[in-house]
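Novice: this one's sequence-less:
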Ligand SMILES: CC(C)(COP(=O)(O)OP(=O)(O)OC[C@H]1O[C@@H](n2cnc3c(N)ncnc32)[C@H](O)[C@@H]1OP(=O)(O)O)[C@@H](O)C(=O)NCCC(=O)NCCS
């Protein structure tokens, strides 16, 4: 993907503010990932979480944005950070959608609302034309979010989960973006 000239600015939805992440978000992200019910569903996270590893991850987000390889946002509700939504692994005009929320914010449509806004951003402002995503086979809520967003199930594959310390079956999805 070509380097991004898009400014790092916030995206708003009716109930949420998506704010480009900063290194200062690491502590809050660490707190959210201390919940096994959150972290066991993530592809790369480890459990228990490491604050040093999370700090290191957040420290490269601004560079990723500038290079056009990932666009990562803290999701805020009433000024409180409740999770992350991002498109990463950008190559050519394709990227990968991910999201995770603190458990007390589940079940209110926030993941859908945040992801829908980010999809509009990467389509209209960045010019991506296709997104992929994946969810653990035992994560039907995420599957529901993806199909509501218009993603199509494209099959499944075995993937190693750091948090679980073993392989899990991942359902794969794709979405063609219309501009
Ligand atoms: C997956 C996750 C992001 C969903 O967030 P959320 O804000 O609760 O999602 P939404 O409210 O937008 O939508 C959830 C949908 O799944 C449905 N759902 C919830 N549990 C479900 C289940 N067990 N089976 C099927 N559908 C389910 C809800 O009814 C809702 O659908 P609706 O809007 O049509 O009523 C959140 O649970 C989370 O952060 N989990 C841990 C991390 C994670 O799994 N990240 C995604 C990795 S692929």
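Specialist: Yep, that arrived. Predicted model, so just to flag it, every value in this text is computed and none were measured.

Novice: Tell me how far the helix ranked longest in the chain lies from the chain's centre.
Specialist: Assignment by DSSP state H gives helix 110-121 as the longest helix of the chain. Relative to the centre of its chain, helix 110-121 is centred 10 Å away, using Cα atoms, centre = their mean, to the nearest Å.

Novice: quick check, residue 46 in a strand?
Specialist: No - read with DSSP: H, G, I helix; E, B strand; the rest coil, residue 46 is coil and lies in no strand.

Novice: still on that earlier bit, what helices and strands are in contact with the longest helix of the chain?
Specialist: Counting contacts by 3 or more Cβ pairs under 8 Å, 6 or more residues apart in numbering; DSSP states H and E, helix 110-121 packs against strand 11-12, strand 17-20, strand 71-77, strand 80-91, strand 94-101, helix 140-148. Every residue, glycine included, has its C-beta placed from N, CA and C.

Novice: mind running it again at 10 Å?
Specialist: Judged by 3 or more Cβ pairs under 10 Å, 6 or more residues apart in numbering; DSSP states H and E, helix 110-121 is in contact with strand 11-12, strand 17-20, strand 71-77, strand 80-91, strand 94-101, strand 130-136, helix 140-148.

Novice: Arrange the ones you listed in a markdown table, one row each, with mean pLDDT, mean neighbour count and distance to the ligand as further columns.
Specialist: Output for the helices and strands packed on helix 110-121, formatted as a markdown table (pLDDT from 0 to 100; neighbours: other Cβ atoms under 10 Å; distance: least, Cβ to the nearest ligand atom, whole Å):
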| stretch | mean pLDDT | mean neighbour count | distance to the ligand |
| --- | --- | --- | --- |
| strand 11-12 | 98 | 14 | 16 |
| strand 17-20 | 98 | 19 | 14 |
| strand 71-77 | 98 | 23 | 9 |
| strand 80-91 | 98 | 20 | 6 |
| strand 94-101 | 98 | 21 | 4 |
| strand 130-136 | 98 | 20 | 4 |
| helix 140-148 | 98 | 16 | 3 |
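
Novice: Okay, and the beta partners of the residue nearest in space to the middle of the chain?
Specialist: A centroid search over the chain (Cα atoms, centre = their mean) returns residue 98, at 2.6 Å, as the residue closest to the centre. Under DSSP bridges, the beta-bridge partners of residue 98 are residue 86.
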